[in-house]
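Engineer: Generate a structure from the sequence data that follows.
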Amino acid sequence: MYVVDTSSGRVGRVMGHEGPYLQLRPYGGGREWDCAPDTVRGATVAERLSAATAYANARSRGEVP
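Structural biologist: Residues are numbered from 1 along each chain as shown. Alright, predicted model coming up:
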């Protein structure tokens with residue numbers, strides 16, 4: 001499930017939870033971050049597509065492995 005962390009605007013995949021926090025991982029992988037459950041909402045199709053496009057562009061520039 002992909003969500004938007006409304007405190008940062010980042011799109012991430014819910015990986016689990018630790019205590020009162022959700023653990024999210026960025027689209028395409030990377031370092032997880034914690035956020036409060038009340039600061040997330042489901043990502044729209046457009047937001048998921050935008051995150052996928054940003055990841056593909058960064059990968060084509062060699063910025064991500």
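Engineer: any idea how far residue 27 is from residue 33?
Structural biologist: 13 Å (CB to CB, to the nearest Å). Glycine gets a C-beta too; all of them are placed from N, C-alpha and C.
Engineer: same question, residue 64
Structural biologist: Per CB to CB, residue 64 is found 11 Å from residue 27.
Engineer: Please enumerate the shared neighbours of those two.
Structural biologist: Common neighbours of residue 64 and residue 27 are listed as residue 55 (criterion: CB atoms under 8 Å, 6 or more residues apart in numbering).
Engineer: My guess is residue 27 contacts residue 11. True?
Structural biologist: Yes - applying CB atoms under 8 Å as the test, residue 27 and residue 11 come out as touching, 5.6 Å apart.
Engineer: any residues in contact with both of these two?
Structural biologist: Contact criterion CB under 8 Å, 6+ apart; residues shared by residue 27 and residue 11: 2, 48, 51.
Engineer: and stretch 48-60, which residues are buried?
Structural biologist: For stretch 48-60, a neighbour-count test (16 or more other CB atoms under 10 Å) marks 48, 51, 55 as buried.
Engineer: Tabulate those in JSON lines, adding columns for pLDDT, secondary structure and distance to residue 15.
Structural biologist: Formatted as JSON lines, the buried residues of stretch 48-60 follow (pLDDT from 0 to 100; DSSP: H, G, I helix; E, B strand; the rest coil; distance: CB to CB, whole Å):
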{"residue": "48", "pLDDT": "96", "secondary structure": "helix", "distance to residue 15": "16"}
{"residue": "51", "pLDDT": "95", "secondary structure": "helix", "distance to residue 15": "15"}
{"residue": "55", "pLDDT": "94", "secondary structure": "helix", "distance to residue 15": "17"}
